[in-house]
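1. Sequence isn't available, so here's the structure alone:
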């Protein structure tokens with residue numbers, strides 16, 4: 001096998017002389033005329049193309065912001081427009097170098113198909129991210145439940161969605177898992193209805209109990225006047241009659257209103273002499289046969305009462 005590198009000083013000097021001779025004989029003017037303008041035009045296309053792509057994508061973002069579009073949608077469409085324009089700029093630069101655009105597109109198509117097969121899970125997350133951004137079942141700042149997990153939406157990315165729980169933990173969900181799971185948006189509407197179940201004794205006056213609950217609701221500033229609050233008998237429990245207070249509040253006041261209403265209901269029922277009975281059951285003891293000896297007197301008396 002012939003060595004590529006020179007093995008002696010003489011050969012090195014000879015090789016250098018040949019390279020120097022070819023360098024001196026090269027038609028630099030012709031090369032500059034043939035390739036200089038092409039390289040210059042390619043550089044100009046890339047610089048101007050990137051500048052135009054950035055300007056157009058930022059302009060699209062400003063138009064969407066003026067139309068009060070969701071910030072997540074604005075960022076996503078801006079990035080898509082920017083990278084799409086960059087691909088057009090690169091194809092134009094390669095075409096200026098003499099590359100056939102049709103052949104380039106065929107190569108890109110084949111490469112894209114291979115990448116799609118290798119990254120099908122990532123592409124599934126990408127497609128789901130596009131659906132979430134376009135369909136918008138929730139937006140940043142909404143409190144939602146997804147696949148049994150609750151939290152506030154912080155950011156919807158192309159592949160993942162980030163949530164923050166009440167105790168400040170971060171949950172990152174793949175977008176494909178979100179689009180296939182039920183989504184409960186607790187803050188999707190400006191108002192919500194509170195259903196508070198309160199038990200009163202069977203001996204209490206239901207009209208007085210209903211009046212007490214409505215008075216508590218009407219006195220609370222967080223409870224909306226329209227629709228008005230109402231009270232229904234929801235069940236006859238084992239130890240109490242269950243009344244349900246249904247009151248509408250602003251979504252942002254749900255937790256505070258629930259706490260204030262429960263506290264007010266407890267105080268008002270006690271003030272009016274109405275009871276909130278504890279869960280209780282009647283236990284009947286039946287004894288069969290002769291009881292064992294040596295039992296305490298209280299237990300023996302209870303067994304004797306059961307026999308009678």
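-> Arrived safely, thanks for sending. Please read these numbers as outputs of a predicted model, since none were measured by experiment.
2. Now do the domain split for this protein, please.
-> With domains defined by automatic domain parsing, the chain comprises 32-118, 136-185, 191-271.
3. For the stretch 201-308 of the chain, just list every one of the strands.
-> 230-236, 241-250 (DSSP state E, counting those that start in this stretch).
4. Next, the angle from the last one to strand 230-236.
-> What that stands for is strand 241-250. Here strand 241-250 runs at an angle of 140 degrees relative to strand 230-236 (axes from the mean of the first three to the mean of the last three C-alpha atoms, to 10 degrees).
5. elements contacting the host helix or strand of residue 107?
-> Assigned by DSSP states H and E, residue 107 falls within helix 101-118. With contacts defined as 3 or more C-beta pairs under 8 Å, 6 or more residues apart in numbering; DSSP states H and E, helix 101-118 has these neighbours: helix 71-96. Heads up, the C-betas are built off the backbone N, CA and C, glycines and all.
6. In the helix it packs on, which residues are buried?
-> For helix 71-96, the neighbour count (16 or more other C-beta atoms under 10 Å) marks 72-78, 81-82, 85-86, 89, 93, 96 as buried.
7. Switch those residues over to TSV; also include distance to residue 199 and pLDDT.
-> What follows is those, written out as TSV (distance: C-beta to C-beta, whole Å; pLDDT from 0 to 100):
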residue	distance to residue 199	pLDDT
72	45	69
73	48	71
74	51	78
75	51	77
76	50	75
77	54	79
78	56	84
81	60	86
82	61	88
85	65	87
86	66	87
89	71	85
93	76	81
96	81	76
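8. show me what contacts the spatially closest residue to residue 65 that is not a sequence neighbour?
-> Once flanking residues are discounted, residue 65 sits nearest to residue 74: 5.8 Å by C-beta to C-beta, 6 or more residues apart in numbering. Residue 74 makes contacts with 61, 64, 65, as judged by C-beta atoms under 8 Å, 6 or more residues apart in numbering.
9. Could you do residue 278 as well?
-> Applying C-beta under 8 Å, 6+ apart, we find residue 278 in contact with residue 239.
10. Got phi/psi on it?
-> For residue 278, the backbone dihedrals (degrees, to the nearest 10) come out as phi -80, psi 150.
11. swap in residue 124?
-> Torsion angles, degrees, to the nearest 10, at residue 124: phi -60, psi -40.
12. cool, and residue 201?
-> Torsion angles, degrees, to the nearest 10, at residue 201: phi -70, psi 160.
13. Find me the pLDDT at the spatially closest residue to it that is not a sequence neighbour, would you?
-> Distances taken as C-beta to C-beta, 6+ apart place residue 275 nearest to residue 201, at 4.2 Å, with adjacent residues excluded. On pLDDT, residue 275 comes in at 88.
14. Break down the stretch 101-250 of the chain into its helices, ranges please.
-> For the stretch 101-250 of the chain, the helices defined by DSSP state H, counting those that start in this stretch occupy 101-118, 120-135, 175-179, 206-219.
15. Let me know the average pLDDT across the last one.
-> Predicted confidence along helix 206-219 averages 94 (mean pLDDT).
16. re the thing from before, now the contacts of residue 74 in TSV, please, with extra columns for secondary structure and distance to residue 191.
-> Formatted as TSV, the contacts of residue 74 follow (DSSP: H, G, I helix; E, B strand; the rest coil; distance: C-beta to C-beta, whole Å):
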residue	secondary structure	distance to residue 191
61	helix	32
64	helix	28
65	helix	28
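17. which one of the residues you listed has the most neighbours?
-> residue 61 (19 neighbours; other C-beta atoms under 10 Å).
18. can you list the weak-confidence ranges in the stretch 101-250 of the chain?
-> Where the stretch 101-250 of the chain drops to pLDDT under 70, the residues are 104, 116-120.
19. List the backbone torsions phi and psi for the spatially closest residue to residue 205 that is not a sequence neighbour.
-> Nearest residue to residue 205, sequence neighbours excluded (C-beta to C-beta, 6+ apart): residue 274, at 7.6 Å. When read as degrees, to the nearest 10, the backbone of residue 274 gives phi -90, psi 150.
20. cool, and residue 67?
-> According to degrees, to the nearest 10, residue 67 has phi -90, psi 10.
21. for residue 148, same thing?
-> According to degrees, to the nearest 10, residue 148 has phi 80, psi 0.
22. Please apply the same query to residue 66.
-> Per-residue torsions, residue 66: phi -70, psi -30 (degrees, to the nearest 10).
23. Based on its surroundings, how many neighbours for it?
-> Neighbourhood size, residue 66 [other C-beta under 10 Å]: 8.
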